[in-house]
Each structure stands twice: as structure tokens, then as C-alpha cells.
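*Asks:* I'll drop the sequence and a predicted model, then ask my questions.
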Amino acid sequence: MTDFTIPQERKVITPIPGPKSQAMHARRLEAVSAGAGAALPVYIEKANGAILVDIDGNQLIDLGSGIGVTTIGHTNAGVVEAVATQVQNLTHTLFTATPYESYVEVCELLNKHTPGNFKKKSVLFNSGAEAVENAVKIARKATRKNGIVVFDHAYHGRTNLTFSMNFKNAPYGNGFGPTAASIQHVPMSYPYRDPQGMTGEEAARRAISYMEKRVGVEDLAAIFIEPIQGEGGFIVPAPGFLATISKWARENGVLMVADEVQSGVARTGKWFASEWEEGFEPDMFTIAKGIAGGMPISAVTGRAEVMDASHPGGLGGTFGGNPVSAAAALSVLKQIEDGGVLERATAIGELLTRRLNELKAKYPVIGDVRGRGAMIAIELVEPGTLNPSKAAVDALAKHMHSNGIFVLTAGTHYNVIRFLPPLAISDELLEDALSVLEQGLAAL
Ligand SMILES: *Cc1c(COP(=O)(O)O)cnc(C)c1O
């Protein structure tokens, strides 16, 4: 992760967005559906490591990784080489017609590195939402039950089934037609906002009581949970929460599915965020975003007997596990195996957590600092209260954007700034970004 093709430095030479980006944006508004938004209409020409270069020649520090996708770093040398070689040899056959080895190898590595000491199998798709949809299908087939439980503040995707699993109706579901049936939302553990002193076990019992009363074990196929919630604002449940829910699920014949689309693949300093809590034993994992350095591929990995519950031909899709994406995934997974990647995520987490807590002590608009590894967030409030401050987030994000730092926001109340940098980022770039953040805090 050390040989960079673009100097790893922030450089702002025009207003952000610059004139070329503004012209491009006008063109886009004529051509592209208004349904696709733009957090920052700066058009990117190339990227490397942790730096985005826009069409005006500005260099932005990327603290978003395209929502946790380019975790290994933008245009990572290993990924670029793997893709370039693969594209000359084979781009597509359709795995369910005439298969190829890389698909099998990706599955082998995922079976090996997901937590759980039991025989696993995997199946590959294109996107996170597609993985979640298929995990729902598999869970229903394996249990012969229909009920699906999801949590407050959850995000699982934008297809009809997955938008029905999201906590927020707007902007994902509103106006887009009927939601899918048999999905129940139950309370999450949210240490910052739960009653003071509420333990993970107590929060789990609160959720379990909903499951027993609202759904009933008899009809409940699976519980889907993000071990650290992504779009919800990097909510880390209280210790004991995940283990208590998963123990209850096991005792009641309910499958536990960890949606690791955002938190997985080295992001939190472990292969998968589920490993952070002892006793949390998911039966299935959904995996996507960070797995292939920017190439589209996703997976469902789980207990072999569950994964084999589907009849042959029941799972698949034309592009799923595409050879070029699979080659990119193999490069990423092997780089993690080779060492240094998990350690870098941990070190980034330590630096961010320490520095953000210093800022929290100084600026009471920061109500909470949380997350794990290179998945850290600050939740902003009106000082002295728990009232969400979207205004502070908007002002800070704008300040950072105009100074050449791309950050993403999150949270049910849009009052969270999340730090999701490529692991290729240097301490110097992180410190630079934090100093700009502090300027913004001081100016609020
Ligand atoms: C992004 C995300 C999804 C959806 O993935 P897409 O690739 O955008 O379909 C699902 N679950 C979680 C936790 C996510 O963060």
C-alpha cells in the first residue's frame, strides 16, 4: 500500500466544485435521472491511495472510500494488476453455465475467514442488496418460515425487499410502492440514546420481547443485523447485545444473519465486525462493499446445511461472481491474508478515536465518538442536550468539502459524520483532515 501513483496530498486550486465540475453537473442534470443524488457534485477523473483528483485538478482527501468500498485503497496496485490480467483472459461465461476457478476460490476464502467454527458455503452476486435479498430467500427456504426481523436504524439496500427492511422510509421507500410482507422492525441497542446504564442484555431482552410478541418464534425465519450499523450512524450495540440475541435465536430455531456489507472485510480491524463480540454466532453473512477494491461483487456465506437448502437453480443471476470482479476480490482477500491490512485499520481507529475524543472534550457539539477500526463516527447535538444537530453536520461537511476533504454523513437524523477512509491513508493526511475539521468546529 506504499507505492502511490498520485502524490498523497490535498490540493485545492479552484472553488469546490470547480468550474469544470459545475459545467459537468449541469450536463448531468439534463441527462441523468433526478432519482440519483449527489453528496458532492465534484466529478472525479482519477484516484489513488486516499486521494481523489477531480476534473479541475483539485486533490481531495477521501474519507468515504465510496462508502467503504475502496478499503484497500483507490487503484490499489494488486487489484489493478489482477483486473488488467483477468480482463485479457476471460470477462464472462456465467458461472451457472460454464464455471471458472476464481469464483470457487473467492468462496473458499470467504468460508475460511468468516467467523464460525463450522462448515460453510458461499454464493456470489453483484451488490449488497442482492446479497441481502438472497440471504432472505435462503433463510426462508432453510427454515420453511417467512418472518424476517430487522432493527431500528438499519439499512439493507434499495430493492423492493431490502428497502422494506430499512428503518427510514424516506428517501429509500417513500412513494415507491408497497413494502414487502412479513418484515418486522424491533428496537436496536443504541448506547448513546438508550436509557442511561441500559446493558446490552437488557436491550436484547427489549428486542426479544418484540420478536416473541409481534412475530412469534413459530413464524420467524431470520434476524438480520448489522454488527455495527452503517447508514444508521456507526451505532455499536452495547456489549452483550449481539450475543444475547444470537443465543436466543439459536435456542428458538431462528437464523442469525450478520449484514456485514459495510462493516466487513478488514474495515473494523478484523476480517468481520461480528468477531468483536464473543458469543455472537451468525449463521449467515452478507458481504459486499470492501471486498474487491471497487469492483462490483457480493456474497452470502453461511452454514453449509443452510446454504444448501436452496434447490439447484434457485440462486444465481447473469453477472454474479463475474470473473474480473472475482479476480479483484482475490487480490484484496490475499492482501489481507498477507498481513498489515487489519493492523492498519486498527491504527487508523486508534488515531481517529483519540483525536476525535480530544475534539469532543473541547467542542460540546460532539455528543458521541464511536465505531471500530477505520469505521468511526461523531454524532452532533445541540450542546448540553441529546437533540440531533443536522445543521452542525451540514456546516461541517460543507466546510470540509470546500477545503478538499470528502466526508460522508449518516444517521437517522442526518446528524452523524462518518469517517470511512481507505486504509491506504497516511497519518499525515488524517491529521490534515482533522485540523480542517477542528477549524470547522471552531467556526460553528
Ligand atoms: C450499502 C449497504 C447495503 C446495500 O448494498 P448495495 O451494494 O448498495 O446494494 C446493504 N447493507 C448494508 C449494511 C450496507 O451498508
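*Replies:* Happy to help now that I have it.
*Asks:* CA atoms for contacts and neighbours, from now on please.
*Replies:* Fine.
*Asks:* list the buried ones in stretch 394-412?
*Replies:* Buried residues in stretch 394-412, counted by 16 or more other CA atoms under 10 Å: 394, 396-411.
*Asks:* so of these, which ones are in strands?
*Replies:* 405-406, 408-410 (DSSP state E).
*Asks:* now pLDDT and distance to the ligand too, for those residues, in JSON lines please.
*Replies:* Listed next are those as JSON lines, based on pLDDT from 0 to 100; distance: CA to the nearest ligand atom, whole Å:
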{"residue": "405", "pLDDT": "98", "distance to the ligand": "21"}
{"residue": "406", "pLDDT": "98", "distance to the ligand": "18"}
{"residue": "408", "pLDDT": "96", "distance to the ligand": "13"}
{"residue": "409", "pLDDT": "96", "distance to the ligand": "13"}
{"residue": "410", "pLDDT": "96", "distance to the ligand": "11"}
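*Asks:* burial of the residue in the stretch 1-150 of the chain positioned nearest to the ligand, as a residue count?
*Replies:* Nearest to the ligand, among the residues of the stretch 1-150 of the chain, is residue 128, at 3.2 Å (CA to the nearest ligand atom). Look at residue 128: counted by other CA atoms under 10 Å, it has 26 neighbours.
*Asks:* ok, the closest residue to it other than its chain neighbours to residue 250 distance?
*Replies:* Distances taken as CA to CA, 6 or more residues apart in numbering place residue 288 nearest to residue 128, at 5.2 Å, with adjacent residues excluded. The gap separating residue 288 from residue 250 is 25 Å, by CA to CA, to the nearest Å.
*Asks:* rewinding a little: now for the residue of the stretch 1-150 of the chain closest to the ligand: which residues touch it?
*Replies:* By CA atoms under 8 Å, 6 or more residues apart in numbering, the residues touching residue 128 are 156-157, 261, 286-289, 298-299.
*Asks:* let's see it at 7 Å
*Replies:* 157, 261, 287-289, 298 (CA atoms under 7 Å, 6 or more residues apart in numbering).
*Asks:* near the ligand, list only the ones from those residues.
*Replies:* Filtering the contacts of residue 128 for proximity to the ligand by CA under 6 Å from any ligand atom leaves 157, 261.
*Asks:* got the confidence number for the residue nearest in space to the middle of the chain?
*Replies:* For the chain, residue 262 is the residue whose C-alpha lies nearest the centre (CA atoms, centre = their mean; 1.5 Å). If you check residue 262, the pLDDT there is 98.
*Asks:* for it, helix, strand, or coil?
*Replies:* Classification of residue 262 using DSSP: H, G, I helix; E, B strand; the rest coil returns coil.
*Asks:* phi and psi next, for it.
*Replies:* Main-chain dihedrals, residue 262, degrees, to the nearest 10: phi -100, psi -30.
*Asks:* cool, and the one 3 residues further on?
*Replies:* When read as degrees, to the nearest 10, the backbone of residue 265 gives phi 60, psi 60.
*Asks:* how close does the nearest residue to it once chain neighbours are set aside get to residue 290?
*Replies:* Leaving aside its sequence neighbours, residue 265 sits nearest to residue 271 (CA to CA, 6+ apart; 4.9 Å). In this view, residue 271 and residue 290 are 11 Å apart by CA to CA.
*Asks:* equivalent analysis for residue 8, please.
*Replies:* In terms of CA to CA, residue 8 sits 21 Å off from residue 290.
*Asks:* who's more crowded, those two?
*Replies:* Counted by other CA under 10 Å, residue 8 and residue 290 do not tie: residue 290 has more neighbours, with 32 against 20.
*Asks:* which residues are in contact with the more buried one?
*Replies:* Contacts of residue 290 by CA under 7 Å, 6+ apart are 68-71, 265.
*Asks:* and residue 138, by the same measure?
*Replies:* Neighbouring residues of residue 138 by CA under 7 Å, 6+ apart: 307, 309-310.
*Asks:* element containing it, please.
*Replies:* Assigned by DSSP states H and E, residue 138 falls within helix 128-143.
*Asks:* restrict that helix to CA atoms and write it as PDB.
*Replies:* C-alpha atoms of helix 128-143 as PDB (Å, rounded to 0.1, in the frame of the first residue of the first chain):
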ATOM      1  CA  GLY A 128     -25.100  -5.700  -1.200                       C
ATOM      2  CA  ALA A 129     -28.800  -5.500  -1.700                       C
ATOM      3  CA  GLU A 130     -28.700  -8.600  -3.900                       C
ATOM      4  CA  ALA A 131     -26.800 -10.500  -1.200                       C
ATOM      5  CA  VAL A 132     -29.300  -9.500   1.400                       C
ATOM      6  CA  GLU A 133     -32.300 -10.500  -0.800                       C
ATOM      7  CA  ASN A 134     -30.700 -13.800  -1.400                       C
ATOM      8  CA  ALA A 135     -30.000 -14.300   2.300                       C
ATOM      9  CA  VAL A 136     -33.700 -13.800   2.900                       C
ATOM     10  CA  LYS A 137     -34.600 -16.300   0.300                       C
ATOM     11  CA  ILE A 138     -32.100 -18.900   1.700                       C
ATOM     12  CA  ALA A 139     -33.300 -18.300   5.300                       C
ATOM     13  CA  ARG A 140     -36.900 -18.800   4.300                       C
ATOM     14  CA  LYS A 141     -36.200 -21.900   2.300                       C
ATOM     15  CA  ALA A 142     -34.000 -23.400   5.100                       C
ATOM     16  CA  THR A 143     -36.500 -22.800   7.900                       C
END
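*Asks:* who's more crowded, residue 288 and residue 250?
*Replies:* residue 288 (32 against 14).
*Asks:* between its first and last residues, how far does stretch 394-413 reach?
*Replies:* Length of stretch 394-413, first residue to last, CA to CA: 12 Å.
*Asks:* all strands of the stretch 251-400 of the chain, in order?
*Replies:* 255-259, 284-287, 298-303, 366-372, 375-380 (DSSP state E, counting those that start in this stretch).
*Asks:* most tightly surrounded among these?
*Replies:* strand 284-287 (a mean of 30; mean count of other CA atoms under 10 Å).
*Asks:* buried residues of the lengthiest helix in the chain, list them for me.
*Replies:* Longest helix in the chain, counting residues (DSSP state H): helix 341-362. Using 16+ other CA under 10 Å as the test for burial, helix 341-362 gives 341-350, 352-353, 355-357, 359-360.
*Asks:* output it as PDB, nothing but the C-alphas.
*Replies:* This file holds the C-alpha atoms of helix 341-362, laid out as PDB (Å, rounded to 0.1, in the frame of the first residue of the first chain):
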ATOM      1  CA  VAL A 341      -4.200  -4.500   6.500                       C
ATOM      2  CA  LEU A 342      -6.100  -5.300   9.700                       C
ATOM      3  CA  GLU A 343      -3.300  -3.700  11.700                       C
ATOM      4  CA  ARG A 344      -3.600  -0.500   9.600                       C
ATOM      5  CA  ALA A 345      -7.400  -0.400  10.200                       C
ATOM      6  CA  THR A 346      -6.800  -0.700  13.900                       C
ATOM      7  CA  ALA A 347      -4.200   2.000  13.900                       C
ATOM      8  CA  ILE A 348      -6.500   4.400  12.000                       C
ATOM      9  CA  GLY A 349      -9.200   3.700  14.500                       C
ATOM     10  CA  GLU A 350      -6.900   4.500  17.400                       C
ATOM     11  CA  LEU A 351      -5.700   7.700  15.900                       C
ATOM     12  CA  LEU A 352      -9.300   8.900  14.900                       C
ATOM     13  CA  THR A 353     -10.800   7.900  18.300                       C
ATOM     14  CA  ARG A 354      -8.100   9.600  20.300                       C
ATOM     15  CA  ARG A 355      -8.200  12.800  18.300                       C
ATOM     16  CA  LEU A 356     -12.000  13.000  18.000                       C
ATOM     17  CA  ASN A 357     -12.300  12.500  21.700                       C
ATOM     18  CA  GLU A 358     -10.000  15.400  22.200                       C
ATOM     19  CA  LEU A 359     -12.200  17.500  20.000                       C
ATOM     20  CA  LYS A 360     -15.300  16.200  21.900                       C
ATOM     21  CA  ALA A 361     -13.800  17.500  25.200                       C
ATOM     22  CA  LYS A 362     -13.300  20.900  23.600                       C
END
